[in-house]
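Visitor: Fold the following and give me the result.
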Amino acid sequence: MSAVIIRGDGSPSSKREGNAREDKKKLIARIWAARSGIALGCFLAVMTVNATAKAQVAPAFLEEGKDQPAELPLLAYHPLPASPPKDAGYVLPDGTIRIVGFDDMEGMISRLNALFTQTHPGTKFRYVKSNSYGALHSLMWDSTAFAPMALDYQSNLIYTDIVHGPSFAIRVAHASLTTGAKLSPIAVVVNKSSPINTLSIAQLTSIFTEPLRRHIYSHWGQLGVKGELAAEPIRPCGLPWSDHYPSQDPTFGEYVFTRKLGGGQPVVNYQMFPTYAAVLRNVVSDPLAIGLIAANEVTAEVKVVSVKGGDLSGPARPSTAEIHSGHYPLDRYLYLYGRVVSGKPFDPFVKEYMRMVLSKEGQQIVSSDDHGYIPLNPLEAADDLATLQ
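Guide: Coordinates of the predicted model:
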């Protein structure tokens, strides 16, 4: 996600008064306290996920030993006047605001739209379901107010040539552990008979990718496995690493191989399957296999491996608490992308909408979504809100 900060130049953020100034003071105080190590534990300890939405979320073998977080300590939403620019391409002839976005976010965005309409009477919306790439292309051509996406996108030459500015996004929610949700954290799984319990991102990089692979991770013995299994080869598997192949999750390769494993192509013995269910079946049947699958498709037939993000981080599992806290290194996010044009103020309507999404009321809507997407923790919301100041 881009680190662009929206500031000044006549945009509403430079003119906020009253409640907005108070919000900023509270935000700065929270960020300072958190970075000083004073309030982080308190923030995360009191965070909650809506109990009804999360009752169906994660199987016990992912959640074992984890407490459910409690109430959302986020800034309340204080609406400010905002309307689209007169020349906005996403405004339909009757004044309706068009949003083209990831289909799994339709219900969530519809409820957020209702909140915005409640605080800005007369605003009308139309949601057009697409995938993340369709939403991105619509944003590039100003055909959507913003792009709800399940993709961490970094602008390339084509994007900047068309938009004349960098990509910019805020996070909306963590990925889901609920069965049926289309975006879930990635889980590392091995056969039930495997003695492997924990692996680091560096080890996973060496197991799954070719250019950065260290050959000591080509056999199970180099990972500490003893006995007859030690001399056997590691057989990595997952979805296709490139979107040139049919795949249940077209964003898998970009996220896993480019964002998390350093950009290398898979090792020569990497087995590609079109669905997570097929990856799961392969791991169940092969004691030498290690697979990457959506966490919401994990079953008790396989063993989930804890993952360490770095040398100083502890192992984490894809549980609600670890995901919400930001500790699980293979988590994913839902985003709202906005259209930033160099030399022009950021769209005041989009800016106000994003501010609402990051508020207490916005994140309460996120937490109640039927697909079980997990709301941001207070530090994540504060960090993204700061980019809008």
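
Visitor: Using PDB, list the CA coordinates for stretch 364-375.
Guide: Listed in PDB are the C-alpha atoms of stretch 364-375, where the atom choice follows Å, rounded to 0.1, in the frame of the first residue of the first chain:
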ATOM      1  CA  GLN A 364     -18.400  -1.400  13.800                       C
ATOM      2  CA  ILE A 365     -20.100  -1.800  10.400                       C
ATOM      3  CA  VAL A 366     -17.000  -3.800   9.300                       C
ATOM      4  CA  SER A 367     -17.200  -6.000  12.400                       C
ATOM      5  CA  SER A 368     -20.800  -6.900  11.700                       C
ATOM      6  CA  ASP A 369     -20.200  -8.000   8.000                       C
ATOM      7  CA  ASP A 370     -21.700 -11.400   7.200                       C
ATOM      8  CA  HIS A 371     -18.500 -12.500   5.600                       C
ATOM      9  CA  GLY A 372     -16.600 -12.200   8.900                       C
ATOM     10  CA  TYR A 373     -13.900  -9.700   7.900                       C
ATOM     11  CA  ILE A 374     -12.000  -8.600  11.000                       C
ATOM     12  CA  PRO A 375     -11.900  -4.900  11.800                       C
END
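
Visitor: Now do the buried residues in it.
Guide: Along stretch 364-375, these residues count as buried under the neighbour rule (16 or more other CB atoms under 10 Å): Gln364, Ile365, Val366, Ser367, Ser368, Asp369, His371, Gly372, Tyr373, Ile374, Pro375. In short, each C-beta sits where N, CA and C put it, glycine included.

Visitor: ok now it, how far from the chain's centre?
Guide: 13 Å (CA atoms, centre = their mean, to the nearest Å).

Visitor: Columns pLDDT on top of the buried residues of stretch 364-375, output as a markdown table?
Guide: Listed next are the buried residues of stretch 364-375 as a markdown table, based on pLDDT from 0 to 100:
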| residue | pLDDT |
| --- | --- |
| Gln364 | 97 |
| Ile365 | 97 |
| Val366 | 97 |
| Ser367 | 96 |
| Ser368 | 96 |
| Asp369 | 95 |
| His371 | 97 |
| Gly372 | 97 |
| Tyr373 | 98 |
| Ile374 | 98 |
| Pro375 | 97 |
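
Visitor: Restricted to helices, list those.
Guide: If you go by DSSP state H, these have Gln364, Ile365, Val366, Ser367 in helices.

Visitor: Not counting its neighbours along the chain, what's nearest the spatially most central residue of the chain?
Guide: Using CA atoms, centre = their mean, the residue of the chain that lies closest to the mean C-alpha position is Tyr333, 0.7 Å off. Sequence neighbours aside, Arg171 is the residue nearest to Tyr333 in space, at 4.6 Å (criterion: CB to CB, 6 or more residues apart in numbering).

Visitor: Provide a list of residues in contact with Pro250.
Guide: By CB atoms under 8 Å, 6 or more residues apart in numbering, the contact set of Pro250 is Asn131, Tyr133, Asp243.

Visitor: The one helix or strand Ala114 maps to - what's its average pLDDT?
Guide: Ala114 is part of helix 106-119, with elements assigned from DSSP states H and E. Mean pLDDT, helix 106-119: 98.

Visitor: What is that helix packed up against?
Guide: For helix 106-119, the packing partners by 3 or more CB pairs under 8 Å, 6 or more residues apart in numbering; DSSP states H and E come out as strand 97-102, strand 125-130, helix 348-357, helix 360-367.

Visitor: still on that earlier bit, show me the beta-bridge partners of the residue nearest to Tyr333.
Guide: For Arg171, the beta-bridge assignment (DSSP bridges) gives partners Tyr335.

Visitor: same question, Asn191
Guide: The residues that Asn191 bridges to, once DSSP bridges is applied, are Val302.

Visitor: Pull the contacting residues for it.
Guide: With contacts defined as CB under 8 Å, 6+ apart, Asn191 is in contact with Val283, Val284, Asp286, Pro287, Leu288, Ala289, Val302, Lys303.

Visitor: What is the nearest of those residues to Trp220?
Guide: Distances from the contacts of Asn191 to Trp220 were compared by CB to CB; the smallest belongs to Leu288, at 7.2 Å.

Visitor: Surely the residue nearest to Tyr333 and Tyr337 touch.
Guide: No: if you go by CB atoms under 8 Å, Arg171 and Tyr337 don't touch, sitting 10.8 Å apart.
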